[in-house]
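Asks: Predicted coordinates and the sequence they were generated for:
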Amino acid sequence: MIDFKALDKSWTLFLDRDGVINKEVLGEYVLHTSHFFFYDETLSALEILNKIFGTIVIVTNQKGVGRGAMSRSDLDEIHDNMMKEVIITGGRIDKIYFATDLDNESPYRKPQHGMALHAKEDFPHIDFSKSMMAGNKITDMEFGRNAGMSTVFIATTNPETEFPHPLIDAKFISLFEFAQQFPH
């Protein structure tokens with residue numbers, strides 16, 4: 001079990017995007033800003049998490065770009081708008097990493113941990129043993145384990161996922177419930 005009270009600014013939080021920060025469009029992709037909707041308490045959660053973690057990054061698979069369903073500029077627009085809202089409400093995301101690869105075996109696509117290694121290149125202070133991956137899929141948990149992180153399952157879209165589970169250190173119904181574990 002994770003000792004949430006022992007965390008400090010030396011810790012890094014890796015977050016999945018769809019199904020954790022924003023509502024997932026089932027069977028489809030979030031193709032443009034009109035499809036992007038934060039969960040009700042996401043912005044409040046990010047404000048709390050900003051005070052806890054020294055580095056916060058998003059790691060997200062975005063096959064829609066690779067398949068041509070959306071352009072890279074569409075993805076950039078979604079992320080720019082998301083970042084503006086996060087900053088306005090007192091949150092912070094230091095960088096967004098995304099994999100547009102179509103090959104599930106790509107080293108950059110979750111569950112492989114290429115995006116984590118890229119983040120460590122950009123932020124050399126990242127220590128994976130003092131990092132946490134929060135996501136809504138088992139592949140997010142595999143990503144975290146592959147990089148040597150603690151894992152937090154956010155059960156927004158997959159509440160039936162069993163816990164305890166060998167890949168999951170903690171499970172919460174939302175990012176906000178996860179954020180509530182920290183003194184603030």
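Replies: Structure received.
Asks: any idea of the pLDDT on the spatially most distant residue from the centre of the chain?
Replies: Residue farthest from the centre of the chain, counting by C-alpha atoms, centre = their mean, is residue 68 at 23.2 Å. Residue 68 is assigned 96 on the pLDDT scale.
Asks: what's the burial count for the residue nearest to residue 77 when sequence neighbours are not counted?
Replies: Nearest residue to residue 77 in three dimensions, chain neighbours excluded: residue 33, at 5.9 Å (C-beta to C-beta, 6 or more residues apart in numbering). C-betas here are computed from N, CA, C, even on glycine. Using other C-beta atoms under 10 Å, residue 33 has 14 neighbouring residues.
Asks: and what of the one 3 residues further on?
Replies: A total of 20 residues lie near residue 36 under the criterion other C-beta under 10 Å.
Asks: Residue 121 now?
Replies: Count around residue 121 with other C-beta under 10 Å applied: 9.
Asks: which residues are in contact with the longest strand seen in the chain?
Replies: Longest strand in the chain by number of residues (criterion: DSSP state E): strand 55-61. With contact meaning C-beta atoms under 8 Å, 6 or more residues apart in numbering, strand 55-61 is reached by 11-18, 21, 46, 49-50, 92-99, 109-110, 115-116, 119, 123, 125-126, 133, 139, 143.
Asks: Likewise for stretch 147-162?
Replies: With C-beta under 8 Å, 6+ apart as the criterion, stretch 147-162 contacts 2, 14, 16, 19-20, 24, 26, 39, 113, 116-117, 128-129, 131-138, 140-141, 144-145, 163, 165, 167-175, 178.
Asks: hmm, 7 Å instead?
Replies: 2, 14, 19-20, 24, 39, 113, 116, 128-129, 131-137, 141, 144-145, 163, 167-175, 178 (C-beta atoms under 7 Å, 6 or more residues apart in numbering).
Asks: Span of it from start to end?
Replies: Terminal residues of stretch 147-162 are spaced 22 Å apart (C-alpha to C-alpha, to the nearest Å).
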